[in-house]
Structure formats: C-alpha cells, structure tokens
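Enquirer: The amino acid sequence is not available; the structure is as follows:
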C-alpha cells in the first residue's frame, strides 16, 4: 500500500468531512479510496469498447400491460448469454419489480438494458454497471470477473 498526502482548503476539508459523516465513513482514507475508484470506473465506462462488466438492471413494470411480462421474459431468453439471474417481486396488484443480474461486454449489456427499459409499460428502469477484468483463457460461459478497484 502506498501513502499519499493531499492538501485541501479549510472550506473543502470541512465539506469533505461533512460528506463523509453523512455517508458514515470512519476515516478519510477509505472515503478518498472510494472516490478514486468511482472516478476510475467512470473513465472505464466512458470508453466501453471491448471492456467487460457485471451489472444489475432493475425496473418496475405494469403487470397488466398487454403481453409485457412475456416480452420481457423473451428478451431475457434472447440474451441468455448476458443474463445470469433475475428476481421478480410483486409490489401491488398492478406493479412488479424485477432485478436482472448481467455479465458481458459493456456495450452489449447497455444495449440490452436500454431495449428492456424502453418497452412500453416499463417504468423506473435503471442499470448499475461495474467494469471488470476478465481473465484470459476463460470462455464466455465460465468467466472469472474481477472488479478493477
């Protein structure tokens, strides 16, 4: 582990300490590490060509929307190479929440997520993408994916 030193203005340090307290960080080092990881992941996601990820796609949809449940299931089957698992929750008589765990190339995962979220009757869709490194020599159906940071 390397030790680095940074200087902040009093105002910025006070704002940072308040931010840390709201998020329940116990020390500045862990807070800075998380901020650096987030910045590095953001850069990796900005240049997704060829990069791999794991992702959680969550969305709420109208259970009574015509053939929507069947379309959503068909989309998942059509992309079985990306879909690791899914969880379905009944929120009320009309609304369902699904979370789909994904793994694949960032462009493919985002394209699939966008196509699913764009289905008529789907509301509140969001995908959380985490870039990972894939070990060479492993084929697509047996992938060891390690977070970058």
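Expert: Received, thanks. The structure displayed is predicted, hence computed values, not measured ones.
Enquirer: which stretches of the chain form strands?
Expert: In the chain, the strands defined using DSSP state E lie at 52-62, 83-90, 95-105, 122-134, 145-147.
Enquirer: Put together JSON lines for the ones you listed, with mean neighbour count and distance to residue 23 on each row.
Expert: Every C-beta, even on glycine, is put in place using the N, C-alpha and C of the backbone. Compiled in JSON lines, the strands of the chain are given as follows (neighbours: other C-beta atoms under 10 Å; distance: least, C-beta to C-beta, whole Å):
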{"stretch": "strand 52-62", "mean neighbour count": "20", "distance to residue 23": "20"}
{"stretch": "strand 83-90", "mean neighbour count": "12", "distance to residue 23": "27"}
{"stretch": "strand 95-105", "mean neighbour count": "19", "distance to residue 23": "23"}
{"stretch": "strand 122-134", "mean neighbour count": "16", "distance to residue 23": "17"}
{"stretch": "strand 145-147", "mean neighbour count": "12", "distance to residue 23": "20"}
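Enquirer: Can you give me the domain assignment for this protein?
Expert: Each domain of the chain is listed here as a residue range: 10-46, 52-147, per automatic domain parsing.
Enquirer: Start and end of the shortest one, how far apart?
Expert: End-to-end distance of domain 10-46 (C-alpha to C-alpha, to the nearest Å): 32 Å.
Enquirer: And that domain, what's buried?
Expert: Of the residues in domain 10-46, those buried under the neighbour-count criterion (16 or more other C-beta atoms under 10 Å) are 16, 20, 25, 31, 41, 44.
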